[in-house]
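*Asks:* This is the structure alone, sequence omitted:
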Ligand SMILES: Nc1ncnc2c1ncn2[C@@H]1O[C@H](COP(=O)(O)OP(=O)(O)OP(=O)(O)O)[C@@H](O)[C@H]1O
Ligand SMILES: [Mg+2]
């Protein structure tokens, strides 16, 4: 579903990613690990077309992202749900409204929103918190709302960049469990995290990045450096 071919990304003249080759298939759960500055977020931003690459190409479902026009990029983004470390929920909206608003923006009809939002919030384990405002929820619960919001437009790919960065260990495991569950329901998941302990536990594919390169990819089973 996603293929990086010799991808290099520079910020000014500094290399953030260098010669990345990576293939991720539909339905996979891939954890990207590596130290701060290794290039994890940059790699995710390229998939979401939030940043442009400098050489190489990225294919998503065999389409070269660089060939997409400004008007086609929203179609790419509709396939993708995104979750970040700093959860940006709308403070004056309830859990229901936060998810519903995302669906409204994506053009869904009122009836569908009314029907789907409770289901999505149930999937993320927040059935009882539907009418709570962000200030009335814990960090872990807020992150669940953010995940529900990312799922609202039924993406085929969920990108999570340090979703557990601000959470304690127990909440982190719960979020990871939830990402697992979402993956089992058929969504491809890419998780970027510092927390190697966390990903070692889940026994899925781990891609280790070091200074802008893929140092180790479990799918290939060998060090490239
Ligand atoms: N907008 C930017 N402008 C300039 N340099 C940037 C920018 N974003 C990232 N960088 C640099 O690119 C490199 C990769 O950064 P990136 O954010 O991808 O790392 P990361 O692995 O996500 O790190 P962290 O674990 O801290 O989130 C770093 O050297 C960083 O300083
Ligand atoms: Mg990052």
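*Replies:* Okay, I see it. Owing to the predicted nature of the structure, the values given are computational and were not obtained by experimental measurement. Ligands and ions are numbered 1, 2, ... in the order given.
*Asks:* Could you use CA atoms for every contact and neighbour count after this?
*Replies:* Will do.
*Asks:* Can you mark which positions in the helix ranked longest in the chain are buried?
*Replies:* Ranked by residue count and defined by DSSP state H, the top helix of the chain is helix 169-184. For helix 169-184, a neighbour-count test (16 or more other C-alpha atoms under 10 Å) marks 171, 172, 173, 175, 176, 178, 179, 180, 182, 183 as buried.
*Asks:* How about the first one, nearest residue that isn't a chain neighbour?
*Replies:* Leaving aside its chain neighbours, residue 171 sits nearest to residue 140 (5.6 Å; criterion: C-alpha to C-alpha, 6 or more residues apart in numbering).
*Asks:* Helix or strand: which one has that neighbour?
*Replies:* Taking DSSP states H and E as the criterion, residue 140 maps to helix 139-151.
*Asks:* re earlier: mind checking pLDDT for the residue nearest to residue 171?
*Replies:* Per-residue pLDDT puts residue 140 at 92.
*Asks:* repeat for residue 105
*Replies:* pLDDT, residue 105: 89.
*Asks:* next one: residue 223
*Replies:* With respect to pLDDT, residue 223 has a value of 51.
*Asks:* Residue numbering should commence at 72 henceforth.
*Replies:* With the count now opening at 72, the last piece we talked about shows up as residue 294.
*Asks:* So which bits of the next helix or strand after the helix holding residue 211 are buried?
*Replies:* As assigned by DSSP H and E, the chain's next helix or strand after helix 210-222 is strand 228-232. Within strand 228-232, the residues that qualify as buried by neighbour count (16+ other C-alpha under 10 Å) are 228, 229, 230, 231, 232.
*Asks:* ok, the third one touching residue 148?
*Replies:* This means residue 230. No: taking contacts as C-alpha atoms under 8 Å, residue 230 lies outside contact range of residue 148: 11.0 Å.
*Asks:* hang on, the earlier thing: with respect to residue 137, which of the buried residues of helix 240-255 is nearest?
*Replies:* residue 254 (27.4 Å; C-alpha to C-alpha).
*Asks:* The residue nearest to the closest one when sequence neighbours are not counted pairs with what?
*Replies:* Leaving aside its chain neighbours, residue 254 sits nearest to residue 260 (6.1 Å; criterion: C-alpha to C-alpha, 6+ apart). In this entry, residue 260 is beta-bridged to residue 100, residue 229, by DSSP bridges.
*Asks:* Distance of residue 260 relative to ligand 1?
*Replies:* 17 Å (C-alpha to the nearest ligand atom, to the nearest Å).
*Asks:* burial measure for residue 156, as a count.
*Replies:* 16 (other C-alpha atoms under 10 Å).
*Asks:* likewise residue 131?
*Replies:* 16.
*Asks:* Phi and psi next, for it.
*Replies:* Main-chain dihedrals, residue 131, degrees, to the nearest 10: phi -120, psi 120.
*Asks:* Thought residue 94 was touching it, still the case?
*Replies:* No: contact criterion C-alpha under 8 Å: residue 131 and residue 94 do not qualify, at 10.0 Å.
*Asks:* This protein against ligand 1: which residues are in contact?
*Replies:* 82, 87, 106, 107, 108, 109, 110, 111, 112, 113 (C-alpha under 6 Å from any ligand atom).
*Asks:* Next up, the contacts around the last one.
*Replies:* By C-alpha atoms under 8 Å, 6 or more residues apart in numbering, the contact list for residue 113 reads 87, 88, 122.
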